[in-house]
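>>> my questions concern the predicted model and sequence given below.
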Protein chains: 2
Amino acid sequence: MHRAMHAKSASPRARQTNYPEPFAQRMAGRVKRPLGDLFGLTNFGVNLTTLAPGGSSALFHKHSRQDEFIYVLEGDLVLVTDNGEQHLQPGMCFGFPADGTGHHLVNRPGQEATCLEIGDRSEGDQVSYPIDDLQAQLGPDRKWIFTHKDGTPY
Amino acid sequence: MHRAMHAKSASPRARQTNYPEPFAQRMAGRVKRPLGDLFGLTNFGVNLTTLAPGGSSALFHKHSRQDEFIYVLEGDLVLVTDNGEQHLQPGMCFGFPADGTGHHLVNRPGQEATCLEIGDRSEGDQVSYPIDDLQAQLGPDRKWIFTHKDGTPY
């Protein structure tokens, strides 16, 4: 891609979520448009993420090595962390250092919400899910490997 | 920082630019608000950058190892690359893979413009400036070392 583009005109990710069931169905209200990949970026990813009412950005989770950052563009999102909940309006942002608080965004009110999500691709990253029986590890091919917390596959 | 915040309420960077003179004065119309640093992120930086009319996001440059991404929030910015110029309006984005095209953003019309800038902090990164007698290298302390193109210091 050698021309700038409107982020909203980017194609949604081919696969709606990589989570195994029963978690995948919880992501039904989420559409991610990968932006960084379109321009050939490899060190970090940028997604334009749209959440329908009731939609969730991800399962409640934390990364071991990846930093994450979110910036709200439209709507009213609830940020859930280990420290409680906070409503985010357009123009608000939050950063999640590696090995910090668990978190996700939930869209509760009656309107669609959109945010930018940025995360780097540090090697050896692992994701823990404090609420769900799930864990993930970044494989050498940069694909996520999901297992139960006891290591058995889904 | 344990609470989300309005990006515009973040403090401007303490030092307006790290460029040596005569380049520093060209950045007079630029205000960078470091957002990622506020939340303790280290793998990449996120800036809210505001350009006055006539302001420029940076000297025309390219990184050897750092990927960059920009998303326009307000105004009408001119993206200048090796491939020419393109006007960017709010909601438009562009990504610059490491060792790709030279680039910078210029604000030419009569209104202020704001964008988000993201860049990772890959070790050993070098910056080249095709138009100016300047080069930069990321030191082990993550500070930029600027020299003339023949290596002599400023």
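In hand now; what should we look at? Residues are numbered from 1 along each chain as shown, chains lettered A, B, ... in the order given.
>>> just how off-centre is the helix or strand hosting A:Gln137 within its chain?
When secondary structure is defined by DSSP states H and E, A:Gln137 falls within strand A:135-138. Taking Cα atoms, centre = their mean, to the nearest Å, one finds the center of strand A:135-138 at 14 Å from the center of the full chain.
>>> wait, a strand at A:Gly151?
No. The assignment for A:Gly151, made by DSSP: H, G, I helix; E, B strand; the rest coil, is coil rather than a strand.
>>> I'd guessed A:Ala28 sits against A:Pro53; true?
No. With contact defined as Cβ atoms under 8 Å, A:Ala28 does not count as touching A:Pro53 (11.6 Å). Any C-beta I mention is one placed from the backbone N, CA and C, and that applies to glycine too.
>>> buried sites along the strand holding A:Gln137?
Neighbour counts over strand A:135-138 (16 or more other Cβ atoms under 10 Å in any protein chain shown) mark A:Gln135, A:Ala136, A:Leu138 as buried.
>>> do stretch A:7-15 as well
Buried, per 16+ other Cβ under 10 Å, within stretch A:7-15: A:Ala7, A:Ala10, A:Arg13.
>>> near chain B too, which of these?
A:Ala7 (Cβ under 8 Å from any Cβ of the partner chain).
>>> now render the buried residues of stretch A:7-15 as JSON lines, adding secondary structure and distance to A:Gly151.
Listed next are these as JSON lines, based on DSSP: H, G, I helix; E, B strand; the rest coil; distance: Cβ to Cβ, whole Å:
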{"residue": "A:Ala7", "secondary structure": "helix", "distance to A:Gly151": "38"}
{"residue": "A:Ala10", "secondary structure": "coil", "distance to A:Gly151": "36"}
{"residue": "A:Arg13", "secondary structure": "coil", "distance to A:Gly151": "27"}
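>>> and of the buried residues of stretch A:7-15, the nearest to B:Asp150?
Looking at the buried residues of stretch A:7-15 and their distance to B:Asp150, the nearest is A:Ala7, at 41.4 Å (Cβ to Cβ).
>>> per-residue pLDDT, that closest one?
Listed pLDDT for A:Ala7 reads 98.
>>> quick one: contacts for it?
When contacts are counted by Cβ atoms under 8 Å, 6 or more residues apart in numbering or on different chains, A:Ala7 is found next to A:Arg33, A:Leu35, A:Leu48, A:Leu116, B:Tyr71, B:Gly91, B:Met92, B:Cys93.
>>> again with A:Trp144
Here A:Trp144 is in contact with A:Asn18, A:Val127, A:Ala136, A:Gln137, A:Leu138 (criterion: Cβ under 8 Å, 6+ apart).
>>> how close does it sit to B:Pro130?
39 Å (Cβ to Cβ, to the nearest Å).
>>> run a quick neighbour tally on the residue nearest to A:Pro130 when sequence neighbours are not counted.
Once flanking residues are discounted, A:Pro130 sits nearest to A:Gly102: 5.0 Å by Cβ to Cβ, 6 or more residues apart in numbering or on different chains. For A:Gly102, the tally of surrounding residues (other Cβ atoms under 10 Å in any protein chain shown) stands at 18.
>>> show me what contacts A:Gly102?
A:Gly102 neighbours (Cβ under 8 Å, 6+ apart): A:Phe60, A:His61, A:Lys62, A:Thr81, A:Asp82, A:Ser128, A:Pro130.
>>> could you do A:Leu138 as well?
Counting by Cβ under 8 Å, 6+ apart, A:Leu138 has contacts A:Arg121, A:Glu123, A:Gly124, A:Asp125, A:Gln126, A:Trp144, A:Ile145.
>>> mind giving me the PyMOL select for the residues you listed, buried ones only?
Those of those that count as buried under 16+ other Cβ under 10 Å are selected in PyMOL with:
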select buried, chain A and resi 121+125+126
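>>> in JSON lines, list the contacts of A:Leu138 along with pLDDT and secondary structure.
As requested, the contacts of A:Leu138 are arranged in JSON lines below (pLDDT from 0 to 100; DSSP: H, G, I helix; E, B strand; the rest coil):
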{"residue": "A:Arg121", "pLDDT": "94", "secondary structure": "coil"}
{"residue": "A:Glu123", "pLDDT": "92", "secondary structure": "coil"}
{"residue": "A:Gly124", "pLDDT": "94", "secondary structure": "coil"}
{"residue": "A:Asp125", "pLDDT": "96", "secondary structure": "coil"}
{"residue": "A:Gln126", "pLDDT": "97", "secondary structure": "strand"}
{"residue": "A:Trp144", "pLDDT": "94", "secondary structure": "strand"}
{"residue": "A:Ile145", "pLDDT": "95", "secondary structure": "strand"}
